[in-house]
Structure formats: structure tokens, C-alpha cells
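Asks: Next comes the sequence, and after it the predicted model I'd like to discuss.
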Amino acid sequence: MSDVFPVSYGDALKIIGGLSQPSKMPWWGWSISAKDCVTGSKLVEHKDTVCSDCYALKGRYMFPNVMDAHQRRMKGFQHPQFVDAFVVVLQNLYDKGRKRKLNGEKENRFRWFDSGDIQSVDMLDAINSIAKQTPYIDHWLPTREM
């Protein structure tokens with residue numbers, strides 16, 4: 001992260017479109033709509049594929065507030081300062097001790113995509129850059145599409 005990126009936590013959070021708090025994860029996450037998946041949107045149409053019974057295309061993922069958040073995040077990814085803003089957000093959460101507890105232990109495992117998936121090599125490169133700049137955070141990037 002460049003020292004010339006003087007943006008507040010709140011502004012950085014707006015740039016990235018906000019975070020999610022997956023209930024089965026001990027810390028924070030960032031997700032997009034499974035409807036926007038480049039590969040998944042094709043696989044969902046074919047029986048017995050990994051995406052044919054996608055959990056992220058039903059239930060709470062269909063609530064308007066969740067769908068709006070997913071759209072904000074996809075738009076945020078297009079922002080030229082997405083990577084720097086994301087590093088600011090994660091650094092702030094880590095520094096402020098905003099950690100959830102799991103089994104009595106503080107955690108900082110960040111989950112990429114509790115819904116949706118990597119959309120491009122550019123997106124993977126951005127995630128990689130963020131992870132390299134925040135090595136004190138455990139980044140988890142599950143994918144089944146590749």
C-alpha cells in the first residue's frame with residue numbers, strides 16, 4: 001500500500017462496496033452475487049455441475065439488501081483504488097482488534113466469496129495484491145469453478 005493513499009476507513013469501505021459477515025466464518029468477508037459469475041452463470045443451467053444447485057442463488061442471498069450489497073461490491077471492484085482501499089479496510093479492522101471469536105479465540109480469517117467467485121485474472125491479481133500487503137491476515141479463497 002502506498003503511503004500517499006490518505007483515505008479514511010469509512011471512505012475506503014465505500015470504495016470496496018462494504019464487507020459481509022458470513023455466519024459460518026469467524027471474521028469478515030467480501031462477496032458478489034452468484035448471478036454475476038462468469039462461469040457459474042453458465043454452469044447453473046446444467047444438471048450435476050458444481051453450480052447447478054448453488055446455495056447463493058436462494059434463501060437470504062435473494063434479499064434486496066444482500067443483492068444491493070453485491071452490486072456495490074462489483075462496482076467497487078472497478079474503482080481504480082480498490083486494492084489500496086481494501087488494504088486500508090483490512091488494516092483498520094486488524095489494528096482495532098475487530099475480530100470475532102471462535103471457540104474463545106480471536107480470529108482474523110478473511111473469506112473471499114461466500115457467494116460469487118473470481119471473475120477474471122484481474123480480480124485474482126487484485127486479491128493477490130491485497131493478500132500480499134496484509135500477510136498478518138489469513139486469506140481464504142475457496143473456488144470450485146476453475
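Replies: Great, that's in hand. Remember, it's a predicted structure, so these values are computed and weren't measured experimentally.
Asks: where does this structure dip in pLDDT?
Replies: Counting by pLDDT under 70, the ranges of the chain that qualify are 1-5, 97-106, 144-146.
Asks: where exactly do the strands run in the chain?
Replies: Remark: strands assigned in the chain by DSSP state E are 29-30, 101-102, 105-106, 109-112, 138-140.
Asks: measure Tyr50 to Ser120 for me?
Replies: One correction, residue 50 is Val, not Tyr. Using Cβ to Cβ, to the nearest Å, Val50 is found at 19 Å from Ser120. Every C-beta, even on glycine, is put in place using the N, C-alpha and C of the backbone.
Asks: Can you pick out the residue with more neighbours from those two?
Replies: Neighbours of Val50 and Ser120, each counted by other Cβ atoms under 10 Å, are more numerous for Val50; the result is 14 against 10.
Asks: hang on, that one packs against Leu43?
Replies: Yes. Counting by Cβ atoms under 8 Å, Val50 touches Leu43, with 6.3 Å between them.
Asks: ok, the residue nearest to the spatial centre of the chain to Glu45 distance?
Replies: When Cα atoms, centre = their mean is applied to the chain, the residue found nearest the centroid is Trp30 (1.8 Å). Using Cβ to Cβ, Trp30 is found at 26 Å from Glu45.
Asks: I'd like to know how far the closest residue to Met25 other than its chain neighbours sits from Ile127.
Replies: Sequence neighbours aside, Arg111 is the residue nearest to Met25 in space, at 4.8 Å (criterion: Cβ to Cβ, 6 or more residues apart in numbering). Going from Arg111 to Ile127 by Cβ to Cβ gives 12 Å.
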